[in-house]
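**Q** return a 3D structure for these sequence lines:
(one chain, ligands or ions: 1)
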Amino acid sequence: MFRIAPSILSADFAELGAEVRNVIASGADWIHFDVMDNHYVPNLTIGPAVAAAIKPHCVTPTGEAVPLDVHLMVQPVDELAMAFAKAGADLITFHPDAERHVDRTLQLIRDAGCKAGLVFNPAMPLDILEWTIDKVDIILLMSVNPGFGGQSFIDHTLRKIEATRKLIDATGRDIRLEVDGGIKVDNISRVASAGADTFVAGSAIFNQPDYKYVIDAMRGELEKV
Ligand SMILES: O=C(CO)[C@@H](O)[C@H](O)COP(=O)(O)O
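**A** Sure thing, here's the model as predicted:
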């Protein structure tokens, strides 16, 4: 089942609660929350206090919970991961190159009751999955270099999505394959055809006045896959 996860990095931070409610009412399946520390990436965003503040807004108009999907672009990882688990994150992903003890961090996140995942930058090999995939609930492939919204999709990541899909299918487990960066109505079907099932989109959704129009258009493209 496909999931669309709007990245609130491109939302109006002065109206974050309303933005989250609006994008959920427009059809968002997850809320994607980008955490940048001006160390692992050259940008600084939002922390656990903001996650805790928006958590009560992560519900559909009929009261169903919408997962809060936290992408940590931080180094070190462990302490912040635990703070986000406490703040209400449902999924926490981190970059394996930002943490020495990747296996331990995955376990910490799972022990805190969250789904755990690894994030791979466009030039980062997938090798570490050989030893970690058993503890991974989600794999996030970056299709831009992390740090900023509004960048263009890097085409060579399509081959990486295909390779990751094969690795996931070989496990027989239900591991989500999320792709993030430069996803728009006009390329989402190519990303899905390559094997992704979860799509992060920031500027494509929040830079338009009608979020529902964009999300519906994305779903329309996904139906053709
Ligand atoms: O993590 C990041 C960037 O580092 C992403 O989540 C972006 O926020 C996606 O934005 P668009 O490329 O869709 O505008």
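**Q** quick one: name whatever helix or strand follows the helix or strand harbouring Thr132.
**A** Here Thr132, judged by DSSP states H and E, is contained in helix 129-132. Counting by DSSP H and E, the next helix or strand C-terminal to helix 129-132 is strand 138-142.
**Q** the helix or strand following that next one packs against which elements?
**A** Note on strand 138-142: by DSSP H and E, the next helix or strand toward the C-terminus is helix 157-171. Contacts defined by 3 or more CB pairs under 8 Å, 6 or more residues apart in numbering; DSSP states H and E place helix 157-171 against strand 138-142, strand 176-180, helix 188-194. Placement of C-beta: from N, CA and C, glycine included.
**Q** ok, and does helix 157-171 reach over to the ligand?
**A** No - judged by CB under 6 Å from any ligand atom, helix 157-171 stays clear of the ligand, getting no closer than 12.2 Å.
**Q** tell me the pLDDT at Gln107?
**A** Note for Gln107: predicted pLDDT of 98.
**Q** pretty sure it contacts Lys135?
**A** Yes - with the criterion set as CB atoms under 8 Å, Gln107 and Lys135 qualify as a contacting pair; they are 6.4 Å apart.
**Q** can you work out which residues contact both of those two?
**A** Common neighbours of Gln107 and Lys135, counting by CB atoms under 8 Å, 6 or more residues apart in numbering, are Ala116.
**Q** what about the two, which has more around it?
**A** The neighbour comparison of Gln107 against Lys135 (other CB atoms under 10 Å) goes to Lys135, with 17 against 13.
**Q** distance of that one from Asp111?
**A** For Lys135, the distance to Asp111 equals 11 Å [CB to CB, to the nearest Å].
**Q** hang on, the earlier thing: got a list of contacts for the helix holding Thr132?
**A** Looking at helix 129-132 with CB under 8 Å, 6+ apart, the contacting residues turn out to be 96, 102-103, 106, 118, 136, 139, 164, 167.
**Q** quick check on the residues you listed: which are buried?
**A** In terms of neighbour count (16 or more other CB atoms under 10 Å), the buried residues within the contacts of helix 129-132 are 96, 102, 106, 118, 136, 139, 164, 167.
**Q** just give me the closest of those residues to Ala52.
**A** Taking CB to CB as the measure, Leu106 is the one of the buried ones among the contacts of helix 129-132 closest to Ala52, at 23.0 Å.
**Q** what's the spacing between that closest one and the ligand?
**A** Counting by CB to the nearest ligand atom, to the nearest Å, the gap from Leu106 to the ligand is 20 Å.
**Q** flag every residue of the chain that's near the ligand.
**A** Applying the criterion CB under 6 Å from any ligand atom, the portion of the chain that neighbours the ligand consists of 7, 9-10, 32, 34, 71, 144, 146-151, 180-183, 200-204.
**Q** all set, thanks.
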